[in-house]
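J.: The following comprises the amino acid sequence and a computationally predicted model.
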Amino acid sequence: MDVLLLPHKQGVLATLVQHVDRMKFERYKEVCQKYGGRFSADEHGYVFGLSNIYGAYRTFQAKNLLVEFEKSFGTIVQTLNQNVADCSIRIKGSSLFPFQLKGSMWLAASNKRLLSDQMGLGKTVQVLMAYPNEGKCMVICPASLKGVWHDECKRWRPDLTPIVLRGVGGFRLPQKNELIIVNYDIIPEHIEKGEMWKISLAADEAHYLKGNAKVKRVKSFRLMSDEILKNGGSVWLATGTPMLNKPPELWNVLRCARLAEEAFGGWYSFVQLFGGYKGAFGGWEWSIPDRDKVAKNLSPVMLRRLRKDVMPELPTKMYRTITVDIDKEFRAKFDESIKDLNLDQAIEETIANRRSSPEFKKLSEAFKLLTEAKIPRLLELIEMFEDSGEPVIVFSAHVKPIEVLGERKGWMSIKGDTTSNNRMDAVRLFQEGKLKGIALTIGAGGIGLTLTRGHQVIFLDLAWTPTLNEQAEDRAVRIGQTKGVIVTRIIADHVIDRRVVELLSEKQYLIQQTTG
C-alpha cells in the first residue's frame, strides 16, 4: 500500500505511508495537487473534496500507486455505479448515508445534472458535498429556504463561508471558498458576460423553473446557466417534483441546465414518449407516458431514488379520511356561491391550472367558505390530540385557519408573510418540544422544513396541485422520524369536496407514472 484514503470533515484525506521512495512521493504529490488537494500539516496529508475522489483514485492507479481505503469508504468509491453496502461515512460529527455519498459523487462527476430524490432524503447535503474544494459556489432557492442552506452549509461544509444575499441590488458572484445563497426573485435580468461565471451553481426546488422562457425567473436563470456552462462551470438542479402538473414543465426544468435535448433529443421525441397530441384548440394534450422509455432517457441526466428503496427503515405514511358535518349557514352560502357553475368542468379546469378563468375565481371563493366551515371540527380534533400530549402539524391552502391556530396557546404558524427568522424559530420550537402544534399554509410551509417531532399531519383542505400536498406531508416523513406518519384529511360532508379529492388522486397517479 502506498496511499491511504480516509473520510475527512472537508471531503477526503490522502495520506502517504512512511516508507516510499522519492519517485512515488512526487507522483503522489502531483496527483493530489492536480485534483485540488490542500496540504494539511496537522493531518500529514492532502485534503480534497468529494467531487474529486473518483478521478484521484483512478489517477493514483494509473501512476502505479497502490491505494487502500478506510473500511466501507473504499467500497463506495469502487462501486460508484452499483448498490453499496449498509454503511455510512462520518463527517464533522454527522454521517452521510451511502446513497447520499453516491448522489454527491454522481453530481460532481458532471457539470450539469438533475438530482430528483424523493422528498426527505437529503438533497441539500448531497449538493453541498458535491461542491468542489475551494470552489466558487452559489445556490438559488425559494426565499423561505435561505436560512436552511446557511445552517446546513455551516454544518456540512465548514470550509465554505455561506453568505445570504437580500434585495435585487445586492446580487453578486461568489469568491473562492464562498457559498452565495440567493432567492429566485432577485436573479438579475441582465448580466455581464465573462470568465467570472466559472462557478458551481445549484437550483434548489428547481420546479420553480417550470415555466417557459417568457417567465422572468426562468429567462434570468437560463441566461446565467448558459454563461456558466460556456465558461466551464457547473449547473445542478435539485427537486423531488420535476413535474408538478404537465410534461412541458419537466421539459422546461431540464432546459434550464441544457439537459432536455441531451435526454430526449428534441421536443417532438419528448412529446411522443409522453403520449402528447394536438388538442381541438391547438394546444397539447397528454395521456399516459411510456414510463420505461422515459426512465431510460432520463437516467443519464436525472438521479431519482425513493425512500422505500434506499431507506426502507424510514417510516411510511398511512392515510385516513375524516368526514365532518358543516354548519347549515355555511352550507347555504357555499351552495349559493356555486349554483351557476358547471362544477365538473370548473373543478377539472382548476386542477389543470387554468386559473385565469372566471370559473376558477368563483370556485376558489367557494372553497374558501367550505374550508372555513370545517374549522370548528378541526379544533375539536386538535383538542383530542392536545389532551393526549400528541404534537400536531396542520396544513391548509387558505390563510384564515392557519391564523386561527397561530393564535392558539402553545401554537405557532407559518404563512406567506412569515419572516425567515420567525419561520426558523417556529420550526425549532416545535422540534424542541416547546409547542403543542404548528400550523402552515401549504404554499409557505410545504417545502424545505423538517418537522419530524410530529407524526400526526392534518390537512384541513388540499392545494389544487397534488405534488404540493405530497411535499407538505413529507415535512414529517424525513430522516429523524421514528414513528409511522398518519396523514388525516378532513373532508366536508358535501359531494363537491369528495369529488375534488377524487380528481386530485387521479392526477397524482398520472404524475407518479412519469416520475416514479
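T.: Structure received.

J.: residues in contact with Pro401?
T.: Contact analysis of Pro401 by CB atoms under 8 Å, 6 or more residues apart in numbering lists Thr371, Glu372, Lys374, Ile375, Leu378, Val394, Ala439, Leu460. (Glycine included, C-beta is placed from N, CA and C.)

J.: Nearest to Asp117 among those?
T.: Proximity to Asp117 was ranked across the contacts of Pro401 by CB to CB; first place goes to Val394, at 26.4 Å.

J.: out of the contacts of Pro401, which are inside helices?
T.: Using DSSP state H, the subset of the contacts of Pro401 located in helices is Thr371, Glu372, Ile375, Leu378.

J.: Widest-spaced pair of those?
T.: The distance between the two most remote of the ones in helices among the contacts of Pro401 (CB to CB) is 10.3 Å, for Glu372 and Leu378.

J.: which of the residues in stretch 269-286 are buried?
T.: Neighbour counts over stretch 269-286 (16 or more other CB atoms under 10 Å) mark Phe270, Val271, Leu273, Phe274, Gly276, Trp286 as buried.

J.: And stretch 336-345, by the same measure?
T.: Buried residues in stretch 336-345, defined by neighbour count with 16+ other CB under 10 Å: Ser337, Ile338, Leu341, Leu343.

J.: likewise stretch 144-152?
T.: Residues of stretch 144-152 classed as buried by neighbour count (16+ other CB under 10 Å): Ser144, Leu145, Lys146, Gly147, Val148, Trp149, His150, Glu152.

J.: Which residue ranges of the stretch 151-300 of the chain form strands?
T.: Listed in chain order, the strands of the stretch 151-300 of the chain (DSSP state E, counting those that start in this stretch) span 161-164, 178-183, 200-204, 234-238, 276-278, 284-286.

J.: Gln456 is nearest to which of these?
T.: Nearest to Gln456, of all those, is strand 200-204, at 27.8 Å by CB to CB.

J.: Partner strands of the closest one, with direction?
T.: According to DSSP bridges, strand 200-204 forms sheet pairs with strand 136-141 (parallel), strand 234-238 (parallel).

J.: What helix or strand is Met39 located in?
T.: Actually, residue 39 is Phe rather than Met. Per DSSP states H and E, Phe39 falls inside strand 38-40.

J.: Remind me what that strand packs against, helices and strands.
T.: Packing contacts for strand 38-40, counted by 3 or more CB pairs under 8 Å, 6 or more residues apart in numbering; DSSP states H and E, involve strand 45-48.

J.: quick one: the strand it packs on to chain centroid distance?
T.: Centroid separation for strand 45-48 versus its chain: 31 Å, with CA atoms, centre = their mean, to the nearest Å.

J.: Kindly export the helix or strand just after it (C-alpha atoms) in CSV.
T.: Moving toward the C-terminus from strand 45-48, the next helix or strand (DSSP H and E) is helix 53-62. What follows is helix 53-62, C-alpha atoms only, in CSV (Å, rounded to 0.1, in the frame of the first residue of the first chain):
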residue,chain,number,x,y,z
ILE,A,53,-12.5,11.3,-5.2
TYR,A,54,-13.0,9.1,-8.2
GLY,A,55,-10.6,10.9,-10.5
ALA,A,56,-7.9,11.0,-7.9
TYR,A,57,-8.4,7.3,-7.2
ARG,A,58,-8.1,6.3,-10.9
THR,A,59,-5.1,8.5,-11.4
PHE,A,60,-3.3,7.0,-8.4
GLN,A,61,-3.8,3.7,-10.1
ALA,A,62,-2.6,4.9,-13.4
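
J.: Cross-check the contact I'm expecting between Ala439 and Lys400.
T.: No. Using CB atoms under 8 Å, Ala439 makes no contact with Lys400, being 10.9 Å away.

J.: Neighbour count: the two, which is higher?
T.: Ala439 (28 against 12; other CB atoms under 10 Å).

J.: Test of understanding: give the bridge partners of the more buried one.
T.: Beta bridges link Ala439 to Val394, Ser413 when assigned by DSSP bridges.

J.: same deal with Ile486?
T.: Met318, Gln456.

J.: show me the contacts for it.
T.: Ile486 makes contacts with Lys317, Met318, Tyr319, Arg320, His455, Gln456, Val457, as judged by CB under 8 Å, 6+ apart.

J.: With pLDDT added, can I get the residues you listed in CSV?
T.: CSV is the format used below for the contacts of Ile486 (pLDDT from 0 to 100):
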residue, pLDDT
Lys317, 81
Met318, 81
Tyr319, 84
Arg320, 81
His455, 89
Gln456, 91
Val457, 96
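
J.: between those, which is nearest Gln33?
T.: Out of the contacts of Ile486, the member with the shortest distance to Gln33 (by CB to CB) is Lys317, at 49.1 Å.

J.: Please report the distance of that closest one from Lys296.
T.: Per CB to CB, to the nearest Å, Lys317 is found 29 Å from Lys296.

J.: Between the two, point out the one with more neighbours.
T.: Between Lys317 and Lys296, Lys317 has the larger neighbour count (other CB under 10 Å), namely 16 against 12.

J.: quick one: contacts for the residue lying closest to that one once chain neighbours are set aside?
T.: Closest residue to Lys317 apart from its sequence neighbours, by CB to CB, 6 or more residues apart in numbering: Val485 at 4.9 Å. By CB under 8 Å, 6+ apart, the residues touching Val485 are Pro315, Thr316, Lys317, Met318, His455, Gln456, Val457, Glu473, Ala476, Val477.
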